[in-house]
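Participant: Here is a sequence with its predicted model. Questions after.
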Amino acid sequence: MKSIWNQTSQIPGRNRLPGNLDTEIAVIGGGLAGILSAFYLTREGREVLVLEASSIGSGQTKGTIAKITSQHNLIYQKILTDYGESAMKLYARSNEQAISEYERLIKDRSIYCCFEKRPAFLYTTKQPDAIHMEAMAARTAGIPACEVTETELPFKVKRALKFPGQASFHPLKFLEGLSSSLTVFEHTPVLSVKGNTLLTPHGSVTAKKIIFACHYPFPIIPGYYFLRMYQEQSYVLALSKAPALEGMYLGIDPDGLSLRPAGHYLLLGGQSRRTGKPGPSPYDALADSGRRLFPQAQIISHWSAQDCMTLDGLPFIGQFSRRKPDWYVATGFGKWGMTLSMVSAQLLTSLICGKASPYKELYSPLRFRLRPSAPKLAIHTVESSLGLAKGLGHGIMRCPHMGCRLSWNPADSTWDCPCHGSRFDRSGHLITGPAQTSCHYHKLIP
């Protein structure tokens, strides 16, 4: 089903690329990160165009639960342990500034997108010490976080961590308002990039600078992002006739839920798993939770989101590779793409315009930090190797990205790649990359 964002907005369509063009900056991807980057660069007087494979906001942006927050699960204790206090403070400041910039931008441009300031909470029914450690780290990072034991949730928590001054909004209505003055070519997939030339089915674009804001960067070499990221799916229900909550909530326990109000609805999310990994129906599990917590509520919509997860827990924002000084990338946002899209847009604008940024090194895609990456690197290598090995046989469904065997996802009726997260519909048509082409196989339909 469509998300409630799709059901309650309709961004006017744009034309395809009309032929070969030259530009100063080309942005690949018309989601939140791409449109924000194009907006700020255009405001700096740069010539920018956006190439979108489908339509504006049709990728991962439409599947978000749309929390604009600096509260990214137990992130501050992790950064403090892995990278130190200075890095933790930079992470907090960049995300807090992103929230403020959304508020300023929406007000200045009079964008009606249901923007509301509201607190965000982490909660637990099992791990109060983890909440306490995160609270101490967040306060050290400069966030006015406080611990509480009472919430508006319909069950008892052992402890919760409150971040004031966070926000929620309607992401597609925001994109509609922000993209209206930008040059965007829709239904123009970038099939490959050769040097500074982007090749599409409708012509080529030559640009001095290129930004990969297409969720998962599709070039295999250079960059080697397929070794440094994997993808996870999360699932969402929109409930009507549920109690109105004031805050946004995320459970840190293995069975924790994500909740946030959205107008007349309550969004209930969870059941995260690596893309392509089979398991019980996530929608059924969420529906069971919804019935238990909100017996009077009704499910009016359900959908899934997909997120790029880096091995060290921080996004990649900056120069794509040392071998490609004119290529830039914004990816690996985890489950926090709303806030980190704004961080990306402002950082990339600074880098491309030759301005200093205190966040350059923290988010640099050129970094290599083995210690915090090692455990996930081992797991990711095993999962990818299994998928590649299974793809060596004949007469099976392979992902056109690197040849991994596809897995049938009955919850969404899609073919999913367990290696790097490409997804295809029942007939093999591409839904999302890093694959750039559909999967053509005459026995694909189960």
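Facilitator: All right, it came through fine. Numbers count the residues shown, from 1 in each chain.
Participant: Secondary structure element for Tyr328, which one?
Facilitator: Using DSSP states H and E, the element containing Tyr328 is strand 324-331.
Participant: Output the contacting helices and strands for that strand.
Facilitator: Contacts defined by 3 or more C-beta pairs under 8 Å, 6 or more residues apart in numbering; DSSP states H and E place strand 324-331 against strand 203-212, strand 316-321, helix 337-352. The way it works is simple: take the backbone N, C-alpha and C, and place the C-beta from them, glycine included.
Participant: tell me the most buried of those?
Facilitator: Compared across the helices and strands packed on strand 324-331, helix 337-352 shows the largest average neighbour count, a mean of 25 (mean count of other C-beta atoms under 10 Å).
Participant: And the next helix or strand past that helix?
Facilitator: helix 360-363.
Participant: so what secondary structure elements neighbour that next one?
Facilitator: Helix 360-363 sits against helix 85-108, strand 316-321, helix 337-352, with contacts defined as 3+ C-beta pairs under 8 Å, 6+ apart.
Participant: Would you reformat these as TSV and include mean pLDDT?
Facilitator: Shown next, in TSV, are these (pLDDT from 0 to 100):
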stretch	mean pLDDT
helix 85-108	98
strand 316-321	96
helix 337-352	98
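Participant: Redo the ones you listed as TSV? Include distance to Pro282.
Facilitator: Output for the helices and strands packed on helix 360-363, formatted as TSV (distance: least, C-beta to C-beta, whole Å):
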stretch	distance to Pro282
helix 85-108	28
strand 316-321	27
helix 337-352	20
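Participant: The helices and strands packed on strand 324-331: which one's closest to Asp284?
Facilitator: Judged by C-beta to C-beta, the one of those that comes nearest to Asp284 is helix 337-352, at 26.2 Å.
Participant: All the helices of the stretch 151-300 of the chain, in order from the start?
Facilitator: For the stretch 151-300 of the chain, applying DSSP state H, counting those that start in this stretch gives helices covering 171-179, 282-293.
Participant: Most tightly packed of these?
Facilitator: Among those, helix 171-179 has the highest mean neighbour count (mean count of other C-beta under 10 Å), at a mean of 23.
Participant: Neighbours of Pro280, how many?
Facilitator: Using other C-beta atoms under 10 Å, Pro280 has 10 other residues around it.
Participant: Check Trp408 too.
Facilitator: Neighbour tally, Trp408, other C-beta under 10 Å: 15.
Participant: looking just at contacts, which helices and strands does the helix or strand hosting it meet?
Facilitator: Taking DSSP H and E as the criterion, Trp408 maps to strand 407-409. Counting contacts by 3+ C-beta pairs under 8 Å, 6+ apart, strand 407-409 is packed against strand 414-416.
Participant: helices or strands up against the strand it packs on?
Facilitator: With contacts taken as 3+ C-beta pairs under 8 Å, 6+ apart, strand 414-416 sits against strand 407-409, strand 423-424.
Participant: and of those, who's closest to Gly30?
Facilitator: For Gly30, the closest of the helices and strands packed on strand 414-416 is strand 423-424, at 18.2 Å, according to C-beta to C-beta.
Participant: low-confidence ranges in the stretch 251-400 of the chain?
Facilitator: Within the stretch 251-400 of the chain, the segments meeting pLDDT under 70 span 369-396.
Participant: same thing but 80
Facilitator: Low-confidence segments of the stretch 251-400 of the chain (pLDDT under 80): 368-397.
Participant: returning to what we had before: note down every partner strand of the strand holding Trp408 and its orientation.
Facilitator: Using DSSP bridges, strand 407-409 pairs in its sheet with strand 414-416 (antiparallel).
Participant: Could you give the average pLDDT over the strand holding Trp408?
Facilitator: Taken as a whole, strand 407-409 has an average pLDDT of 90.
Participant: highest average neighbour count across the helices and strands packed on strand 414-416?
Facilitator: Comparing the helices and strands packed on strand 414-416 by mean neighbour count (mean count of other C-beta under 10 Å), strand 423-424 comes out on top with a mean of 25.
Participant: Tell me which residue is most central in the protein.
Facilitator: By C-alpha atoms, centre = their mean, the mean C-alpha position of the chain lies nearest to Gly337, the distance being 3.9 Å.
Participant: pretty sure that one is touching Gly59, no?
Facilitator: No: using C-beta atoms under 8 Å, Gly337 is not in contact with Gly59; the gap is 10.3 Å.
Participant: ok, Arg260 to Leu340 distance?
Facilitator: Note on Arg260: its distance to Leu340, by C-beta to C-beta, to the nearest Å, is 17 Å.
Participant: hmm, back to that, could you dump the helices and strands packed on strand 414-416 to CSV with distance to Asp108?
Facilitator: Below are these laid out as CSV (distance: least, C-beta to C-beta, whole Å):
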stretch, distance to Asp108
strand 407-409, 42
strand 423-424, 37
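Participant: closest one to Asn20 among those strands?
Facilitator: Comparing those under C-beta to C-beta, the one sitting nearest is strand 423-424, at 29.8 Å.
Participant: And the contacts of the next helix-or-strand element following that closest one?
Facilitator: Sequence-wise, the next helix or strand downstream of strand 423-424 (DSSP H and E) is strand 430-432. Contacts to strand 430-432, defined as C-beta atoms under 8 Å, 6 or more residues apart in numbering, come from residues 59-60, 215-216, 306, 414, 421-425, 436-439.
Participant: Just checking: what are the partner strands of strand 430-432?
Facilitator: Next to strand 430-432 in the sheet, as set by DSSP bridges, lie strand 423-424 (antiparallel).
Participant: Residues touching the partner strand, excluding its own?
Facilitator: Contacts to strand 423-424, defined as C-beta under 8 Å, 6+ apart, come from residues 275, 306, 406, 409, 414-417, 430-432, 435, 438-439, 444.
Participant: What mean pLDDT does that strand get?
Facilitator: When pLDDT is averaged over strand 423-424, the result is 91.
Participant: wait, what's in contact with Pro119?
Facilitator: Taking C-beta under 8 Å, 6+ apart, we find Pro119 in contact with Lys162, Phe163, Pro164, Gly165, Gln166, Glu246, Gly247, Met248.
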